[in-house]
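>>> here is a sequence with its predicted model. Questions after.
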Amino acid sequence: MVNHNLIDELFDSARGGDQRGLGKLLTMVERQSEVAARVSERAHRDAGQARIVGVTGAPGVGKSTITGRLAAVAGTARPAILAVDPSSPLTGGAILGDRIRMDNYAGSGAFIRSMATRGHAGGLSVAVPDAVRVLDAAGCDPIFVETVGVGQVEVSIATAADTAVVVVTPGWGDAVQANKAGLLEVADVLVVNKADRPDARGTRRDLEVMLDLGHQCGWRAPIVLTAATEGEGIDDLWTEIGRHIAHLHRSGELVHRRSRRRRGEVADRIKLHLSERVHQIVQNESGETVLERVDRNELSPAAAELLLSPLNPDNPPED
């Protein structure tokens, strides 16, 4: 049973600066229960004011340090960081200590929350937008979504932000990996971190070439050199992020981008429900019968279509 009054009370306290109440709301959406849907609906009414910045790239490039530094220079009272950690599918524990690194730089006013994937990429595609929406409705701004890796999940999360920041380090490896993963295509701002290393400017030239080979339309991603541990280049990076956000407002692209984001979230939720339905089908008696017959080579895997028959979904296919 959903306690609507409790949810309203938690939102009221979260908007008043109560971090514990905000944390409870985020726990609700992360669990993706019936309560999560109510929290999401409640947050939707007040969300839409915050600037959403996604920060992603390969492990070890310094994203956590950059994100913490950005929260410190944002100049707002309530910046928030949502750190999406890779996690063990066996234990569910987060692998990396991003929270510790961010705490060192973000300042006492920043709200930092880690969200472990727990090996469920599909659920993450729903939980992250819900969490961002809650932070937005609670009055946090800007909201940084930091992800680890350059896989499809990270590309999806990067496109869920108003501004996507992609971080690489000197050397071809990270730049090529980011290009192969499609991150350069969604990058609004590119960062070459650890710029005190040799060939940082060479990496910048490589990225310029990759951008030249792509199709530019209206906005070309600037490339910023940073040395995040020393705080060098962070002000320049925040300036470029602000310039991109201004471009989104000026061009009207912000409205279209957020519309695509909402439509994509609806599709992701449908896929998640369908995935759950698939699991139910293969686990029921008819599904198990079909799987056993496939194992005995009496049926091919194409028999899956018969399990989806709207006429007799619970009856196993005949010979």
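Thanks, I have the structure now.
>>> where in this protein is pLDDT low?
1-2, 86-101, 103-104, 107-108, 117-125, 148-159, 172-183, 215-216, 309-319 (pLDDT under 70).
>>> please redo it, this time with the cut-off set to 50
Scanning the chain for pLDDT under 50 picks out 88-93, 95, 119-122, 311-313.
>>> show me where it has helices.
Taking DSSP state H, the helices of the chain run over residues 4-15, 19-31, 34-46, 63-73, 98-106, 121-137, 152-158, 172-181, 183-186, 200-213, 234-251, 253-283, 285-295, 304-307.
>>> out of the ones you listed, which is closest to K194?
helix 200-213 (7.2 Å; C-beta to C-beta). For the C-beta atoms, the positions are set from N, CA and C on the backbone; glycine is no exception.
>>> looking at the helices of the chain, which is buried most?
Mean neighbours per residue, mean count of other C-beta atoms under 10 Å, is largest over these for helix 63-73, with a mean of 25.
>>> for that one, packing partners?
Applying 3 or more C-beta pairs under 8 Å, 6 or more residues apart in numbering; DSSP states H and E, we find helix 63-73 packed against strand 52-57, strand 80-85, helix 98-106, strand 143-147, strand 163-168, helix 234-251.
>>> circling back: quick one: closest of the helices of the chain to G57.
helix 63-73 (5.5 Å).
>>> using PDB, write out every CA atom in the closest one.
Provided in PDB are the C-alpha atoms of helix 63-73 (Å, rounded to 0.1, in the frame of the first residue of the first chain):
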ATOM      1  CA  LYS A  63      35.800  11.400 -13.800                       C
ATOM      2  CA  SER A  64      35.100  11.300 -10.100                       C
ATOM      3  CA  THR A  65      37.600  14.000  -9.300                       C
ATOM      4  CA  ILE A  66      36.400  16.200 -12.200                       C
ATOM      5  CA  THR A  67      32.800  15.700 -11.100                       C
ATOM      6  CA  GLY A  68      33.600  16.700  -7.500                       C
ATOM      7  CA  ARG A  69      35.600  19.700  -8.700                       C
ATOM      8  CA  LEU A  70      32.700  20.800 -10.900                       C
ATOM      9  CA  ALA A  71      30.200  20.600  -8.000                       C
ATOM     10  CA  ALA A  72      32.600  22.900  -6.100                       C
ATOM     11  CA  VAL A  73      32.900  25.600  -8.800                       C
END
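>>> touching that helix from outside, list them.
For helix 63-73, contacts defined as C-beta atoms under 8 Å, 6 or more residues apart in numbering pick out 53, 55-57, 79-81, 83, 96, 98, 101-107, 110, 142, 144, 146-148, 165, 167, 191, 193, 226, 228-229, 231, 234-235, 237-238, 241.
>>> ok, now which ones touch I143?
I143 neighbours (C-beta under 8 Å, 6+ apart): A50, R51, I52, V53, P79, A80, I81, L82, V132, L135, D136.
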